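A.B. asks: following is a predicted model, sequence given first.
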Amino acid sequence: MVTIDEICASVLRHIPHADLDLLRRCYAYAAESHQGQLRRSGDPFLVHPMGVAKIIADLNLDVASICAGILHDCVEDTSATSEDIRARFGEEIQKIVDGVTKLGQIPWTTREERQAENFRKMLLAMARDIRVILVKLADRVDNMRTLQYVSRDKQERVARETREIYAPIANRLGLQWMKVELEDLAFQYLEPQEWKDLCGQMEGTETQRTAYIREVCAKLAEVLAENDIKGEVSGRAKGTWSIHQKMRRTGRDLEQVYDIIAFRIITDSVRDCYATLGAIHSNWMPVPGRFKDYIALPKPNLYQSLHTTVIGPGSERMEVQIRTHEMHRTAEEGIAAHWQYKERSPLGAGDRKAFAWLHQLMEWQRDLSDPAEFMQTVKIDLFEEEVFVFTPKGDVKALPQGATPIDFAYAVHSKIGDHCSGARINGMMVPLRYRLRNGDIIDIITSPTQRPSKDWLKFVTTSRAQTKIRHHLRREQRERSRRLGRDLLTKALRNHHRSLASAEKDKLLDKAAEALHLGTGEEILVHVGYGKLSPEAAALAIYPQLQSPDASVDNMPTLGEATPAQPRREPKRSVGGVRVQGEADIVVRFAKCCSPVPGDPIVAFISRGRGVIVHTRQCPKAFNLDPARTVEVSWDEDARLLRPVAVEVISEDKPGILAAISKCFLEHSVNIAQAKCKATEDSRGLNTFQVTVGHVDQLKKVLRAIQGLDGVISATRL
């Protein structure tokens, strides 16, 4: 276990006058609070917070951050309270601990909601103090290092969350070593067989790789000396996940992937960086399209470097990164290198730029109430393969790869996006679907009559554009439903010789809304328009004297029923394997876009004329629908339901592979309803199967089994 003396020694190296007494008091309190607690590995629980504190200390953060690392699990896992932390160690440490602490006390209905709300809370704390996410990342790194001691299901869940959320955040904060380690550890647990195979291959070629690195470093040093440039040269293999992605993307074996080694040259000045680039290009042929100047155009996380790929010794591709010492420090330590707590200095212009993405995430979390949509938006915004484009005035905008003029318009201003009717790129008119390229100069044409279109959602890529378009469409959808609800309710009241106008004048709609727990009178109109409340039920709620003596508001019909229903006996099994608001005999339809399977987190929407439509919570189309139309649904555990699902298996094109895949389906009692198999030009097999499964766990098991077959590259659910 890391000792408090080791941490104190680490702190003194970068903060000579640090308050070591505070650190020791935090350690003593954590040791007392966690007394008797053990980790899954059998180690004392204190091993974990001390490991986290060591990572934070190595990031050269301040004493308060390290103290928060030591104490971060006390509030969640012991009897200690937030007030105890404040009273003993001060408000600063207490606020960081609070930001990291999970929301363990709130009974969220699904794991996804819990995850989304935890992350939402963390974002709010990050906006106030970036040290919160640095402590959280250190916590995740230490947990991932000991993930072998938890169950397989938890390994997959934590590893997937790490790959989708925490590794991209580390990348956004410029913590490259942390990003690589988190990605490699997630790879180890999400695709264990591929990770094991790749590690075995890497070990087998380590001797040749070490010799190659030594040879190339010597030649690069010679080139620098010939051009009178001072610089440090080094080489290293890329992370296993990065190499695996490259192998999967190119369809090549490890021996055929030549640029798995990155060489780095660290110079004294920016001028030397460009001089080094010229010297390298003079000695070796550069690969077209593989040069990137992140010095002139830094990444949003402040990363700066020159990247080039050349045909190096042995006619093999060689990637070289060139940067100054200060740029290298930023690349390794990221935002921690810019965040000087001990000086309490305000944010500089560079830091504000680095945090622009965080402020965007804060805007999303304010606009989005649905947890699944919020998490989807966060994931889109964190991945940052970028293009750099220009406004007509020459301002640079960084957008994701594949962005369109509409994405650019929304990045400039919401109103420009809403009224975007066309675009000129480099002086020429282009379609709104046009994919932006590096260096494009974009001039957006607007029209006061233009409104966001549902079709835009098919090709925009930024979370900002998607959020704004959905918000506008839902507002329109709500207004249409309100008008329809008014018409239907007017007719229903007319049948009883009553007037909706009179009811509104006498505030009867607001009273009825309160009785129905709908908030305001307008919500009654909206619910009637959506079909969640029948016009007759709304009329009886507004004028209770119209109903029979034995009727009550509580049993008024919803979901389109025309008259109040009599109490009924619930069937033993549901009609379609899904219960709607607890009811078992309501017919549902399953959305074809996502094809939900029992065990999937699901959500349902009322569609006028089509009834209740069930989607998975992660379905992109479900995000486009108005949350006001949702109804509570759950899988009926007593029903035995087989659902179709599409599976894609990419394999090597070799004899017997289809038979092995089919046998795997058979062994897991999964029926193949349809199969479409073809060979591609790069000697791969592209196989799409339509299968039927009874539960998502059954699907996961068979996909894992197929993934482990010799010759199978990937097996995924579509």
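C.D. replies: Structure received. Predicted model only: the values in this text are computed from it and were never measured.
A.B. asks: ranges for the strands of the stretch 401-550 of the chain?
C.D. replies: Chain-ordered strands for the stretch 401-550 of the chain, with DSSP state E, counting those that start in this stretch as the definition, fall at 420-425, 428-430, 442-446.
A.B. asks: in JSON lines, list those along with mean neighbour count, mean pLDDT and distance to residue 668.
C.D. replies: Yep, even glycine has a C-beta here, placed from its N, CA and C like the rest. Converted to JSON lines, the strands of the stretch 401-550 of the chain look like this (neighbours: other C-beta atoms under 10 Å; pLDDT from 0 to 100; distance: least, C-beta to C-beta, whole Å):
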{"stretch": "strand 420-425", "mean neighbour count": "18", "mean pLDDT": "90", "distance to residue 668": "49"}
{"stretch": "strand 428-430", "mean neighbour count": "12", "mean pLDDT": "89", "distance to residue 668": "49"}
{"stretch": "strand 442-446", "mean neighbour count": "18", "mean pLDDT": "91", "distance to residue 668": "51"}
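A.B. asks: would you tell me which of those strands gets closest to residue 596?
C.D. replies: strand 420-425 (34.7 Å; C-beta to C-beta).
A.B. asks: angle of that closest one against strand 442-446?
C.D. replies: 160 degrees (axes from the mean of the first three to the mean of the last three C-alpha atoms, to 10 degrees).
A.B. asks: sheet-wise, list the partners of strand 420-425 with their directions.
C.D. replies: Taking DSSP bridges as the criterion, strand 420-425 pairs within the sheet with strand 428-430 (antiparallel), strand 442-446 (antiparallel).
A.B. asks: any residues touching the last one, and which ones?
C.D. replies: Contacts of strand 442-446 from elsewhere in the structure, counted by C-beta atoms under 8 Å, 6 or more residues apart in numbering, are 389-392, 405, 408-409, 412, 416, 419-425, 436.
A.B. asks: kindly report the same for the shortest one.
C.D. replies: Outside strand 428-430, the residues that touch it by C-beta under 8 Å, 6+ apart are 405, 422, 423, 424.
A.B. asks: the second one bridge partners, please.
C.D. replies: The reference is to residue 422. Per DSSP bridges, residues listed as beta-bridge partners of residue 422: residue 445.
A.B. asks: list the contacts of it.
C.D. replies: Applying C-beta under 8 Å, 6+ apart, one finds that residue 422 lies in contact with 429, 432, 444, 445.
A.B. asks: quick check: the third one vs residue 660, distance?
C.D. replies: Taking C-beta to C-beta, to the nearest Å as the criterion, residue 444 is separated from residue 660 by 53 Å.
A.B. asks: quick revisit: which one of the contacts of residue 422 is nearest residue 292?
C.D. replies: Minimum separation from residue 292 among the contacts of residue 422 (C-beta to C-beta) is found for residue 444, which lies at 26.5 Å.
A.B. asks: can you give me the helices in the stretch 551-700 of the chain?
C.D. replies: Read by DSSP state H, counting those that start in this stretch, the stretch 551-700 of the chain holds these helices, from start to end of the chain: 620-623, 657-667, 696-707.
A.B. asks: same question but for the stretch 251-400 of the chain, I mixed them up
C.D. replies: In the stretch 251-400 of the chain, helices defined by DSSP H, counting those that start in this stretch lie at 270-283, 325-333, 349-354, 356-367, 371-382, listed in chain order.
A.B. asks: just send the contacts of strand 428-430 back as CSV, with distance to residue 196 too.
C.D. replies: As requested, those are exported to CSV (distance: C-beta to C-beta, whole Å):
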residue, distance to residue 196
405, 45
422, 53
423, 49
424, 53
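A.B. asks: contact partners of stretch 188-199?
C.D. replies: For stretch 188-199, contacts defined as C-beta under 8 Å, 6+ apart pick out 147, 155-156, 158-160, 163, 187, 240, 243-244, 247, 254, 707-708.
A.B. asks: can you do 6 Å?
C.D. replies: Under the contact criterion C-beta atoms under 6 Å, 6 or more residues apart in numbering, stretch 188-199 has outside partners 147, 155, 159, 187, 240, 244, 708.
A.B. asks: over to stretch 10-17?
C.D. replies: Counting by C-beta under 6 Å, 6+ apart, stretch 10-17 makes contact with 18, 57, 60, all of which sit outside it.
A.B. asks: can you do 8 Å?
C.D. replies: If you take C-beta under 8 Å, 6+ apart as the criterion, stretch 10-17 is touched by 18, 20, 23, 54, 57, 58, 60, 62, 63, 66, 342.
A.B. asks: and the nearest residue to the second one once chain neighbours are set aside, how many residues sit next to it?
C.D. replies: Read that as residue 20. Distances taken as C-beta to C-beta, 6 or more residues apart in numbering place residue 8 nearest to residue 20, at 5.0 Å, with adjacent residues excluded. Neighbour count of residue 8, defined by other C-beta atoms under 10 Å: 18.
A.B. asks: which ones are touching residue 8?
C.D. replies: Taking C-beta under 8 Å, 6+ apart as the contact definition, residue 8 lies against 18, 20, 23, 24.
A.B. asks: distance of it relative to residue 316?
C.D. replies: Between residue 8 and residue 316 the computed distance is 47 Å (C-beta to C-beta).
A.B. asks: thinking again about what came up before, farthest pair in the contacts of stretch 10-17?
C.D. replies: When the contacts of stretch 10-17 are compared pair by pair using C-beta to C-beta, the farthest-apart members prove to be 54 and 342, with a separation of 19.4 Å.
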